[in-house]
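Undergrad: sequence and predicted structure below; questions after.
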Amino acid sequence: MNLDQLVNDLCQMEEKKTVAVAEATNVETLKAIKEGVERDLAAFKLFGNMELIREAADEIELDLEQERITLHHATSVENAVEKAVMSVSEERSDVLMKGNVATKIVLKAVLKKNSGLRNGRILSHVALFEIPNRDGLLFLTDAGMNIAPDLEEKVQIIQNSVDVAHRLGYDNPKVAPLAAVEIVNPAMQASVDAAVLSQMQKRGQISGCTVDGPLAFDNAISLESKQEKNINSDVAGSADILVCPYIEVGNTLYKSFTYFANARVAGIISGAKAPIVLTSRADTAESKIYSLAFALTSS
């Protein structure tokens, strides 16, 4: 599977899912929506000031009267976010997408006890990479939400990513908790946590996957490295999901994949009642479409 196939498979589905877009008042957000409609990915509910939405849509010649788009007026940015979140919470929409609004405002609404999208787990970022000259897709977590997760938070981060992988057809994804070395070193907390996570999976405290670590990056993804270091592991050399010990590791790998390896990427926030797409101005139009497809497939 590659990211284009993810998009194409979604286009072939007869029953279309719905994306609730919070504060859909800027051109960049509407460009992604326009392409999503043209490629028949989903239906879109646009929340925000209707006049501003129409002005931005006119700039890119987006027809707001078509069947796949509905407008929902909001009196403020916060009101637009609340309405979009409520649409997902009440299962009138399947995915939440951030528009022209600060991430902290979206997350504040998502985390509200009564009207938000909480389901008991922490929220975590799951990225899906298509890397040139590498067979298959690669999941990376967490590169954008949790700064220095403790052991219990890492359990939830793994489970979030495994649940997403299951929806993409991975029956038993191989999970590699990363560290600087592939042996337990008491002076390196990441290596200790990785070993504990592996044991927790073996005892059924983490389900639906195979976890083995600690693994350094090279022997997590390279069979040659695994063989050279004589590592006896079902995960080493063929990991599907890389679990980062700290956000700096995740952020650096994410940007290295995209800038040095020219990888294509999709990203969502998992751990809520429904996937969340937090688009950025820095994201390419291609990446936004991939992220939408990723979220819709994961919902």
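TA: Structure's in. What do you need? All of these numbers come straight from a predicted model, not from anything done at the bench.
Undergrad: could you pull out the helices for the stretch 151-299 of the chain?
TA: Here the stretch 151-299 of the chain has its helices, by DSSP state H, counting those that start in this stretch, at 151-167, 189-202, 217-221, 223-228, 247-259, 285-298.
Undergrad: these: which one's closest to Ala74?
TA: Closest of the helices of the stretch 151-299 of the chain to Ala74 is helix 285-298, at 21.2 Å (criterion: Cβ to Cβ). No exception for glycine: its C-beta is placed from N, CA and C like everyone else's.
Undergrad: tilt between the closest one and helix 151-167?
TA: Here helix 285-298 points in a direction 90 degrees away from that of helix 151-167 (axes from the mean of the first three to the mean of the last three Cα atoms, to 10 degrees).
Undergrad: give me the buried positions along stretch 251-260.
TA: 253-254, 257-258 (16 or more other Cβ atoms under 10 Å).
Undergrad: format those as CSV; extra columns: distance to Leu123.
TA: CSV is the format used below for these (distance: Cβ to Cβ, whole Å):
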residue, distance to Leu123
Leu253, 20
Tyr254, 17
Phe257, 22
Thr258, 22
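Undergrad: hmm, back to that, out of the helices of the stretch 151-299 of the chain, nearest to Asp58?
TA: Minimum separation from Asp58 across the helices of the stretch 151-299 of the chain (Cβ to Cβ) falls at helix 285-298, 18.8 Å.
Undergrad: now that closest one: how far from the chain's centre is it?
TA: 9 Å (Cα atoms, centre = their mean, to the nearest Å).
Undergrad: packing partners of it?
TA: Judged by 3 or more Cβ pairs under 8 Å, 6 or more residues apart in numbering; DSSP states H and E, helix 285-298 is in contact with helix 3-12, strand 18-22, helix 27-38, strand 95-98, helix 151-167, strand 264-270, strand 276-277.
Undergrad: my read is that Ser222 contacts Ile231, right?
TA: No - counting by Cβ atoms under 8 Å, Ile231 is not a contact partner of Ser222; they are 10.5 Å apart.
Undergrad: shared neighbours, the two?
TA: Both Ser222 and Ile231 are contacted by Gly237, under the criterion Cβ atoms under 8 Å, 6 or more residues apart in numbering.
Undergrad: follow-up on the earlier one: of the helices of the stretch 151-299 of the chain, which is nearest Leu62?
TA: Among these, helix 285-298 comes nearest to Leu62, with 13.4 Å by Cβ to Cβ.
Undergrad: what's the domain layout of this structure?
TA: Domain assignment for the chain by automatic domain parsing gives 3-119+272-298, 124-264.
Undergrad: just put those in JSON lines and tack on mean pLDDT.
TA: Formatted as JSON lines, these follow (pLDDT from 0 to 100):
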{"stretch": "domain 3-119+272-298", "mean pLDDT": "92"}
{"stretch": "domain 124-264", "mean pLDDT": "96"}
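Undergrad: center of the chain - which residue?
TA: Nearest to the geometric centre of the chain sits Ile268, at 2.1 Å (Cα atoms, centre = their mean).
Undergrad: quick check: pLDDT value at that one.
TA: Predicted confidence (pLDDT) for Ile268: 96.
Undergrad: that one reaches Ser161, doesn't it?
TA: No - applying Cβ under 8 Å, one finds Ile268 not in contact with Ser161, separated by 10.3 Å.
Undergrad: shared neighbours of these two, anything?
TA: By Cβ under 8 Å, 6+ apart, the residues touching both Ile268 and Ser161 are Val126.
Undergrad: got the contact list for Val249?
TA: Contacts of Val249 by Cβ under 8 Å, 6+ apart are Leu178.
Undergrad: torsion angles phi and psi at His73?
TA: Main-chain torsions, His73, degrees, to the nearest 10: phi -70, psi 140.
Undergrad: count the neighbours of it for me.
TA: Per other Cβ atoms under 10 Å, the neighbour tally for His73 reads 14.
Undergrad: bridging residues for it?
TA: Going by DSSP bridges, His73 is paired in beta bridges with Gly48.
Undergrad: how about it, what does it touch?
TA: So His73 contacts 48-50 (Cβ under 8 Å, 6+ apart).
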